[in-house]
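Asks: coordinates only, sequence not included:
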RNA sequence: GGCUCCGUCGUCUAGUGGUCUAGGACGUCUGGUUCUCAUCCAGAAAAUCGCGGGUUCGACUCCCGCCGGAGUCACCA
């Protein structure tokens, strides 16, 4: 049987780290089994609807490379894929329930329901609406809430992550199927949609675990086969024990894209937060994830979100792409991350800069702060030079003299390559009787005035002979 | 409060009765790679397996109780 999964978010804002896993795992499962993944927009709550949220969702999935087979943009045979456009379908199914006596119109005003609830709270007994069922409900018509008529009974089922589950009759209640405004509730709509769309695996956060018995009752009353149920544990906020949510400052997934995180790293990290294949592998490509994913190995307890580890993955991926796919593959990803001063430089030069600095990047946006001196003259900061821990003991005139020696030596290097530069510097080391720490620090600072730089000979090679000499001379005369 | 789920290094995890004096990764610390920062490499510290009882020759692994944490009890999803 073909496996059909779905990601069914409500368009109430951006997708953040805490809820994107319920898109990743369904995607992986569908691809692994040559099945399909559906994207369905659950927009039945008009009050919480946010303009543009659907686009944000699509953008996030596209960035992560989680393409869907049916849904907005791509269409499909089971549309529409916006719940707000499926009203007649829900009404059709609701009428079945009414006819079989399993649903009733509820004329009870909300204030009255609130009273019942209060009453129970005071008596410290669980509030079950089925104990307050109206005696002679009117015939249902749109504009009235429609409730399920629950039969109190026990259920057992298997959750692919949590294992064998069982609950008692107290979990069953008369849940609202269709709201006064004519829209269905999530509880009803998702059952109908999953059935109509042929979804075989319902994957969602654990928060739905306790309402599962009601869903089971609904499948039964509707004569529907139960899909496989998969509860995904929460991702926990860095502090405390609460699930990660927007209130804890959960960043949107695409915010990390703007900060220079690679989608491969994001997918890798998120997929492995609460899942592993039992081996000691840490780095997975999307294809490897698809191949090795398994529901049974999803963790059943929550996992804490750790941004530091995300950045570690990102560093790994930056190097992996460079080392395996080449400088131009990585370079193609860096377009938006160079400092403004790099605008006037050509691709070839920027690629050379990238080639010597890439293994220092945690995120691509580090390029902005780490490469400026390759594109613009650094501001000469003599304090930085004089107070350097290796140069402290030298007098200013000694530094000036040394700088002039360096200039002379490097002027003689005809072919200004990293190797030749290194040879010249090594000769200078013996001629001046200086330690590498002293001589190299001096040159590095004089040429960059940056807190750090790539290996000195590589830095000078990329800078080029003219600029190197000019900067050294400028510093020498500034002392 | 009722119900349900969860509980191994600071964090993510491996572990399905003996190979566990508990393995890997992030992070931390130390050392190495002719300067810096990073990478990389080597090494260290870090979990009385939530606690208490069983079962067993033997339990992190099975059973029971307790404690702790979380989720849920909406005309929100």
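Replies: Nice, I can see it. Just so it is clear, the model here is predicted, and its values are computed rather than measured.

Asks: with adjacent residues omitted, what lies nearest to residue A:277?
Replies: Spatially, and ignoring its direct neighbours in sequence, residue A:277 is nearest to residue A:292 (4.4 Å; Cβ to Cβ, 6 or more residues apart in numbering). In this view, the C-beta of every residue, glycine as well, is placed from N, C-alpha and C.

Asks: doesn't residue A:275 make contact with that neighbour?
Replies: No: the pair formed by residue A:292 and residue A:275 falls short of the contact definition of Cβ atoms under 8 Å, at 9.5 Å.

Asks: so between these two, which is more surrounded?
Replies: Shown here are residue A:292 and residue A:275; by other Cβ atoms under 10 Å, residue A:275 has more neighbours (22 against 18).

Asks: need the pLDDT of residue A:120.
Replies: Per-residue confidence at residue A:120 stands at 88 (pLDDT).

Asks: what about it, which helix or strand?
Replies: Element membership of residue A:120 [criterion: DSSP states H and E] is helix A:110-123.

Asks: RNA strand B versus the spatially most central residue of chain A, what's the distance?
Replies: Nearest to the mean C-alpha position of chain A, by Cα atoms, centre = their mean, lies residue A:253 at 3.8 Å. To RNA strand B, residue A:253 is 17 Å away according to Cβ to the nearest atom of the strand, to the nearest Å.

Asks: so who does that residue touch?
Replies: By Cβ atoms under 8 Å, 6 or more residues apart in numbering, the contact list for residue A:253 reads A:14-17, A:20, A:60, A:63-64, A:266.

Asks: export the residues you listed as a markdown table, with columns for secondary structure and pLDDT.
Replies: Shown next, in a markdown table, are the contacts of residue A:253 (DSSP: H, G, I helix; E, B strand; the rest coil; pLDDT from 0 to 100):
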| residue | secondary structure | pLDDT |
| --- | --- | --- |
| A:14 | coil | 94 |
| A:15 | coil | 95 |
| A:16 | strand | 94 |
| A:17 | coil | 94 |
| A:20 | coil | 94 |
| A:60 | helix | 97 |
| A:63 | helix | 98 |
| A:64 | helix | 97 |
| A:266 | helix | 98 |
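
Asks: reformat those as TSV; add neighbour count.
Replies: Listed next are these as TSV, based on neighbours: other Cβ atoms under 10 Å:
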residue	neighbour count
A:14	20
A:15	24
A:16	21
A:17	23
A:20	25
A:60	22
A:63	16
A:64	23
A:266	25
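
Asks: dump those residues to JSON lines, plus distance to residue A:316.
Replies: As requested, the contacts of residue A:253 are exported to JSON lines (distance: Cβ to Cβ, whole Å):
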{"residue": "A:14", "distance to residue A:316": "26"}
{"residue": "A:15", "distance to residue A:316": "24"}
{"residue": "A:16", "distance to residue A:316": "23"}
{"residue": "A:17", "distance to residue A:316": "19"}
{"residue": "A:20", "distance to residue A:316": "20"}
{"residue": "A:60", "distance to residue A:316": "22"}
{"residue": "A:63", "distance to residue A:316": "19"}
{"residue": "A:64", "distance to residue A:316": "17"}
{"residue": "A:266", "distance to residue A:316": "12"}
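
Asks: residue A:230: which of those is nearest?
Replies: residue A:20 (15.7 Å; Cβ to Cβ).

Asks: just the strands in chain A please.
Replies: Secondary structure of chain A, counting by DSSP state E: strands at A:4-7, A:36-39, A:103-105, A:146-148, A:155-159, A:163-167, A:176-178, A:201-205, A:228-232, A:235-236, A:303-304.

Asks: which of these comes out lowest on mean pLDDT?
Replies: Among the strands of chain A, strand A:163-167 scores lowest, at a mean of 89.

Asks: pull up the pairing partners for it, direction included.
Replies: Note on strand A:163-167: by DSSP bridges, its sheet partners are strand A:155-159 (antiparallel).

Asks: is the partner strand positioned near RNA strand B?
Replies: No: against RNA strand B, strand A:155-159 shows no contacts by Cβ under 7 Å from any atom of the strand, the least distance being 8.0 Å.

Asks: same question for stretch A:14-23.
Replies: No: using Cβ under 7 Å from any atom of the strand, we find that stretch A:14-23 stays clear of RNA strand B, coming within 9.3 Å at best.

Asks: residues making contact with that stretch?
Replies: By Cβ under 8 Å, 6+ apart, the residues outside stretch A:14-23 that reach it are A:7, A:9, A:53, A:56-57, A:60-61, A:64, A:66, A:203-205, A:232, A:234-235, A:237, A:243-246, A:250-255, A:270-271, A:273-274, A:305.

Asks: the closest residue to residue A:290 other than its chain neighbours - how many residues pack around it?
Replies: Closest residue to residue A:290 apart from its sequence neighbours, by Cβ to Cβ, 6+ apart: residue A:31 at 4.6 Å. As a burial measure, residue A:31 scores 22 neighbours (other Cβ under 10 Å).

Asks: please report how far residue A:31 lies from residue A:314.
Replies: Distance, residue A:31 to residue A:314, by Cβ to Cβ, to the nearest Å: 23 Å.

Asks: what do you get for residue A:302?
Replies: Per Cβ to Cβ, residue A:302 is found 23 Å from residue A:314.

Asks: okay, those two: which has more neighbours?
Replies: A side-by-side neighbour count of residue A:302 and residue A:314, using other Cβ under 10 Å, places residue A:314 first with 24 against 19.

Asks: tell me the pLDDT of the residue nearest to residue A:290.
Replies: Looking at residue A:31, its pLDDT stands at 98.

Asks: would you confirm that it contacts residue A:291?
Replies: No: applying Cβ under 8 Å, one finds residue A:31 not in contact with residue A:291, separated by 9.2 Å.

Asks: mutual contacts of these two, please.
Replies: Overlap of the contact sets of residue A:31 and residue A:291 (by Cβ under 8 Å, 6+ apart) is empty.

Asks: what about the helices in the stretch 51-200 of chain A?
Replies: For the stretch 51-200 of chain A, the helices defined by DSSP state H, counting those that start in this stretch occupy A:53-64, A:87-99, A:110-123, A:186-196.
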